[in-house]
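# Let me see the structure of the following:
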Amino acid sequence: MAADLNAVYTLLQKALSPEESMRKSAEANLTALESLPGFCSCLLEIIATRDLDDQSDARWLASVYFKNSINRYWRHRRDAPGIPDVEKPYLRTKLLGLIREENQKACCCSARCVDRKDCSDRLSSRMVSRRALAKQDLFPNLLQNLQSSDVLTTLRVYMVLYQILKELSTMRLAAHQQNFHTITSQLFDFTWQHWCADTQAIVNEFSAFLSSSDRFVSSTQTLPMILERWLLCYRAAFPGTHQLHSFMEKALLKLMKVLVTVQNHHPFSFSSELVLPPVLNFACDQITEQKWDTDLFEPFLMRCMHCVQQVLQCKAYRPSKTGRVLGEISLTRDETKAKLARQAEQLLSSLLDKKRVLLLCETLLRRYLVYTSKDLEDWAQDPEGFHHEQSLVQYHDKLRPCAEALYIGLFENHREVLTPYVVEVLQQVSQDCPPPEPDAIVQLSPALLTKEAVYAGIGLAYYDLHDYIDFKLWYEGALVKELRNLHPNNRLLRRRIAWLVGQWVSKIDKDLRRPIYVSLLRLLGDGDLAVQLAACHSLQTLIDDVHFYEEEFVEFVSPCLELLFVFMKNAQELDSKLQVFSLVTLIIERLGEKVVPCTEKIMIFLPQVWQNSEGQSLLKIQVVLALQRLVAALGSQSPCCYTLLVPILQHVTDVNQPDELNILEDGLQLWSTTLRHAPVMIPELLVFFPHLVSALERSIDHLEVSMGIVESYVLLGGAEFLSRHGAGVASIFKMVIGHVKEKGTIRALSVLDTLIQSVRSESGFGVTLFCLCRQSLFVIVINGRDESDAVRAMAGAILARVLVQNSNFFAHLSEQPSLSLKLQQSGVSLSASPVVLFFDSWLEKVCGLALCIWLTSREPLILDRLEQILGVCTSILEDEKSGVATGSGDYNWQNTEDGSESFRKQQIINSDPVNNLSLAPLLKEQLRTCASLHGEAAFNVALSRLHPRLITQLQQL
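Sure, this is the predicted structure:
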């Protein structure tokens with residue numbers, strides 16, 4: 001239908017009405033018209049009508065609807081006919097004719113429309129090519145407009161190109177990358193010429209501005225458009241209220257960002273003598289010469305520091321040792337890179353000489369690492385927030401972390417120059433600001449701030465300063481004295497020294513650890529939360545260190561936990577609570593049984609935190625982890641914490657609770673730990689086993705720990721557990737066996753083997769459970785194309801164990817038609833009975849006892865395979881004589897505590913009937929039974945076919 005232009009325009013005006021009912025009615029009518037043919041043409045006519053400048057809002061709204069319609073209906077959809085093909089050429093031509101749009105809002109929408117329709121035409125089919133570009137008139141038209149002398153026209157063209165290139169740059173297929181390369185190569189010359197011309201024009205205008213006595217208001221109306229077109233420009237010094245100040249600041253930051261990006265992607269091109277020296281000199285000068293107000297110019301200084309740091313750490317500028325092939329004339333790629341790297345290294349050596357490196361280091365220590373008045377104000381207002389901002393903020397977000405990163409980079413490349421200098425600076429600041437007396441009043445002087453900054457520098461470069469500073473002498477001579485002064489202003493040094501201890505942990509020997517523990521515990525009771533957090537971090541580093549010995553810390557466990565519990569109550573930030581809980585968990589884990597005397601205090605503290613952790617999943621996880629470590633430490637005494645543990649377990653293992661996604665994995669680990677260390681099964685632990693079934697039905701991501709839980713229940717609960725939750729256990733095995741990867745299948749089969757050992761064949765549940773799994777095991781053994789040998793071996797061993805426990809098992813199994821059907825569905829040709837197929841497929845893997853039992857089968861083909869059966873059995877007997885382990889009876893369990901899971905496993909193995917059977921007497925008996933079943937004549941014929949050596953071995957039984 002041909003849309004009524006006046007009607008659409010009226011609807012647009014009504015859609016801008018402040019009256020809600022009129023506005024919603026108009027919006028609904030416009031939405032209904034979006035998919036109709038001619039609607040976009042109508043909107044484009046309204047956008048193109050420049051006589052409606054007094055109704056610019058209506059034009060802008062028309063451009064918004066036009067953009068959305070192009071985005072939704074340019075391509076045909078199933079639920080809407082889309083824009084007709086006959087209408088599209090008109091829209092293209094008309095839209096390109098509006099390239100010189102003066103209204104900024106309408107122009108932005110139009111540019112996005114060009115991008116949307118162009119990318120839909122060219123890219124939706126994923127078949128982009130140069131020929132496709134040549135057929136369309138978009139880029140030739142845009143390139144032609146770029147040659148125009150009209151600034152507004154070229155500005156609008158660049159807006160369109162920006163939208164298109166931004167879309168193209170996100171596509172990663174090779175054809176799209178080639179398309180992007182083709183377009184950008186065509187545009188580069190035009191862009192470069194405009195950029196150079198605009199640079200000169202801006203410089204001329206700025207020169208006129210700076211020389212004007214009235215601070216100059218630009219007489220050229222095109223300058224703002226030139227500035228907008230000129231995306232990369234230098235920043236000049238303007239009054240803060242000048243209208244171009246904000247733009248120029250962003251432009252200069254963009255320029256530095258481009259330089260850093262170019263150096264990162266093209267390091268060898270950047271290392272040219274025409275590029276690297278001026279850029280590096282400029283960046284270093286900006287850092288060392290305080291030309292600008294730091295607060296105002298902080299982002300630019302950060303970019304300069306990042307630039308210098310990236311050049312220092314650039315691996316391409318470090319030549320690698322490469323040899324040359326004799327007789328080769330041309331350089332290889334690696335040799336060329338090595339040559340360029342040597343040139344860059346020489347250039348950097350001349351640019352970053354000893355004088356400049358020392359100047360940079362001094363500037364960083366005495367200016368950028370020193371706390372400002374704003375830092376101190378933030379610390380006083382919010383100590384917790386200040387500490388976490390200083391500790392967690394990234395180097396590219398704040399000036400101080402950026403300066404720290406540059407300082408570390410300098411040390412990595414110039415440690416020989418900087419280490420003596422930093423030691424000298426330390427001695428100097430120690431003289432300028434000596435350690436105060438314990439009750440002295442500390443002034444917040446520049447010397448104190450500088451000393452704190454130098455301490456920070458020593459902590460950052462601890463690895464390079466290990467051989468230059470004796471930390472023990474330094475701590476006993478100065479640091480411990482500074483820690484004893486509790487004046488509020490001295491909190492700067494107390495916090496810094498606490499942090500410093502954590503940095504230098506590898507240099508703290510055994511004799512120094514006890515006094516440091518005392519000092520850190522004193523800091524944990526400090527009134528400043530920032531100091532307490534620093535002490536908490538260093539204490540965690542010390543306890544987590546490889547040289548930590550539990551005996552040295554036992555006397556501090558109780559007071560440390562008490563201080564941490566008090567600190568936890570005062571902390572407001574989640575990060576602070578997580579840090580404290582992480583330390584509590586680590587103490588429980590490292591101290592183990594030595595933390596048992598503090599169990600009562602811990603059990604008073606944990607419920608309070610759990611109740612206050614509603615909506616804070618990370619804090620709940622820390623509580624669960626602490627409980628897990630506590631249960632492991634208590635061992636058989638763990639039931640003392642069941643009043644808290646059981647309700648938490650029931651909550652965290654429930655897949656229907658809101659935090660299931662975050663906390664289920666840790667909850668399952670806690671569940672497994674609880675069962676492993678439980679001395680006896682209690683009804684409360686039996687209640688929520690269905691949670692495990694629900695968790696596995698939802699996802700098998702936690703299969704390993706889940707099968708461990710099943711095994712622990714079997715070992716701990718035995719018949720009581722199986723009688724109550726046997727159906728759930730059976731469903732788990734049915735869900736897992738044959739449906740997961742090798743590792744998961746092996747884990748499930750090992751648990752099934754444990755279950756069969758613990759539940760004898762006379763148990764009704766044992767037979768019922770195994771009947772649900774035996775067909776899957778048979779399919780794994782017989783048709784093992786999708787399974788590894790390890791899986792097939794374990795499945796065969798389980799079947800053999802069942803045969804030993806129940807000799808009639810295979811006879812009943814072979815009579816079931818469902819097994820034959822399942823084998824046929826898996827692609828197995830039933831040329832013989834399933835039992836014979838199992839025998840043929842896995843003869844070498846089944847145990848000797850099962851083969852002996854098999855001799856009493858009434859299968860007629862048993863005699864045909866008598867030589868193979870006896871060969872396996874005699875080889876097992878030979879292994880037993882030579883001392884080779886052949887069965888689970890050879891396990892040697894040592895140091896197993898009564899009531900532990902290892903002890904329960906040992907009991908099952910010791911009671912395994914396989915261990916009570918001797919192979920040689922059983923083989924003799926089964927051979928006699930086989931002869932009676934199949935007849936002496938047939939049996940003797942089978943014996944006559946045996947190898948003479950095998951007959952000799954049988955005679956020696």
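
# Run through the stretch 651-800 of the chain and note the low-pLDDT ranges.
760-775, 778, 781-786 (pLDDT under 70).

# got a list of what Leu444 touches?
Taking C-beta atoms under 8 Å, 6 or more residues apart in numbering, we find Leu444 in contact with 376, 489, 492. Bear in mind the C-beta positions are built from the backbone N, C-alpha and C, glycine included.

# switch to 6 Å and redo it
By C-beta atoms under 6 Å, 6 or more residues apart in numbering, the residues touching Leu444 are Asn489.

# So it: helix, strand or coil?
coil (DSSP: H, G, I helix; E, B strand; the rest coil).

# Which residue is the nearest non-sequential neighbour of Leu479?
Distances taken as C-beta to C-beta, 6 or more residues apart in numbering place Ile497 nearest to Leu479, at 5.1 Å, with adjacent residues excluded.

# And for Leu703?
Gly744 (4.7 Å).

# What is the neighbour count of Lys94?
15 (other C-beta atoms under 10 Å).

# my bad, should have said His176
17.

# ok, so what distance separates it from Leu168?
Applying C-beta to C-beta, to the nearest Å, the value for His176 to Leu168 is 7 Å.

# And the strands in the chain?
Remark: no strands are assigned in the chain by DSSP state E.

# By mean pLDDT, which helix or strand of it comes out lowest?
helix 130-135 (a mean of 34; mean pLDDT, DSSP states H and E).

# Report the mean per-residue pLDDT for the longest helix belonging to the chain.
The longest helix of the chain (DSSP state H) is helix 174-211. Averaging pLDDT along helix 174-211 gives 71.

# And stretch 378-387, by the same measure?
90.

# Geometric centre of the chain: which residue is closest?
Asn662 (14.1 Å; C-alpha atoms, centre = their mean).

# Next, count neighbours for the closest residue to that one other than its chain neighbours.
Spatial nearest neighbour of Asn662, excluding adjacent residues (C-beta to C-beta, 6+ apart): Ser617 at 4.1 Å. Per other C-beta under 10 Å, the neighbour tally for Ser617 reads 14.

# What of Val518?
Neighbours around Val518, by other C-beta under 10 Å: 14.

# Got the confidence number for the residue lying closest to it once chain neighbours are set aside?
Closest residue to Val518 apart from its sequence neighbours, by C-beta to C-beta, 6+ apart: Phe556 at 8.0 Å. As predicted, Phe556 sits at a pLDDT of 91.

# from what I can see Phe556 touches Tyr517, true?
Yes. Counting by C-beta atoms under 6 Å, Phe556 does reach Tyr517; the two are 5.3 Å apart.

# picking up where we left off before, residues touching the residue nearest to Asn662, list them.
Contacts of Ser617 (C-beta under 6 Å, 6+ apart): 659, 662-663.

# same check, this time on Thr754
Counting by C-beta under 6 Å, 6+ apart, Thr754 has contacts Glu711.

# What distance do you get for it to Leu716?
From Thr754 over to Leu716 (counting by C-beta to C-beta), the distance is 12 Å.

# which stretches of the stretch 501-650 of the chain form helices?
Ranges of helices within the stretch 501-650 of the chain are 510-524, 529-543, 550-570, 574-591, 599-611, 617-634, 642-652, based on DSSP state H, counting those that start in this stretch.

# For the third one, list every residue counted as buried.
Read it as helix 550-570. For helix 550-570, a neighbour-count test (16 or more other C-beta atoms under 10 Å) marks 553, 556-557, 560-565, 567-568 as buried.

# what angle do it and helix 510-524 make?
Orientation of helix 550-570 against helix 510-524 (axes from the mean of the first three to the mean of the last three C-alpha atoms, to 10 degrees) gives an angle of 10 degrees.

# Which residues does helix 550-570 contact?
Contact with helix 550-570 is made by 513, 517, 521, 524-525, 532, 580, 584, 591, 594, 598, 601, 605, as judged by C-beta under 6 Å, 6+ apart.

# Next one: Leu957, what pLDDT does it get?
67.

# Low-confidence ranges, the stretch 251-400 of the chain, go.
Checking the stretch 251-400 of the chain against pLDDT under 70 turns up 290-296, 320-331, 395.

# That one: helices as residue ranges?
Using DSSP H, counting those that start in this stretch, the helices of the stretch 251-400 of the chain run over 267-270, 276-288, 294-312, 333-351, 354-363, 373-381, 383-392, 399-432.

# sorry, back to before: tell me which of the contacts of Ser617 fall in helices.
662-663.

# Make CSV from the contacts of Ser617 and add distance to Pro37 to it.
Shown next, in CSV, are these (distance: C-beta to C-beta, whole Å):
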residue, distance to Pro37
Asp659, 52
Asn662, 51
Ile663, 55
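
# of the contacts of Ser617, closest to Gln343?
Asn662 (53.0 Å; C-beta to C-beta).

# all helices of the stretch 701-850 of the chain, in order?
703-736, 742-758, 764-782, 789-805, 809-814, 817-825, 834-842, 848-854.

# and the residue nearest to Val518, how far is that from Ile663?
31 Å.

# again, but for Pro278
56 Å.

# The two: which is more packed in?
Ile663 (22 against 10).

# wait, what's in contact with that one?
Ile663 neighbours (C-beta under 6 Å, 6+ apart): 617, 620-621, 652.

# 10 Å - rerun?
617-618, 620-621, 623-624, 651-654, 657, 670 (C-beta atoms under 10 Å, 6 or more residues apart in numbering).

# For PyMOL, write a command that selects the buried ones of these.
Buried residues within the contacts of Ile663, by 16+ other C-beta under 10 Å, are selected in PyMOL with:
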select buried, resi 620+621+623+624+651+652+653+654+670
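
# hang on, Thr643 packs against Leu627?
No. Thr643 is beyond contact range of Leu627, at 12.0 Å (criterion: C-beta atoms under 10 Å).

# Just confirm Thr653 contacts Leu685, I think it does.
No. Using C-beta under 10 Å, Thr653 makes no contact with Leu685, being 11.3 Å away.

# what residues do those two have in common as contacts?
Common neighbours of Thr653 and Leu685, using C-beta under 10 Å, 6+ apart, are Trp671.

# how many neighbours does Phe689 have?
19.

# any idea how far it is from Thr754?
17 Å.

# again, but for Glu720
17 Å.

# same deal with Pro436?
Taking C-beta to C-beta, one finds Pro436 at 67 Å from Thr754.

# what does Ile543 give?
The separation that Ile543 has from Thr754, given C-beta to C-beta, amounts to 37 Å.

# How about Leu364?
62 Å.

# swap in Asn662?
Taken as C-beta to C-beta, the span from Asn662 to Thr754 is 32 Å.

# What of Ala251?
Counting by C-beta to C-beta - Ala251 and Thr754 are separated by 71 Å.

# Tell me which residues touch Val595, please.
Per C-beta under 10 Å, 6+ apart, neighbours of Val595: 550, 554, 557-558, 561, 584, 587-589, 601-602, 629-630, 633-634.

# Pick out the most distant pair among those residues.
So, the contacts of Val595 by C-beta to C-beta: farthest apart are Glu550 and Lys601, at 18.2 Å.
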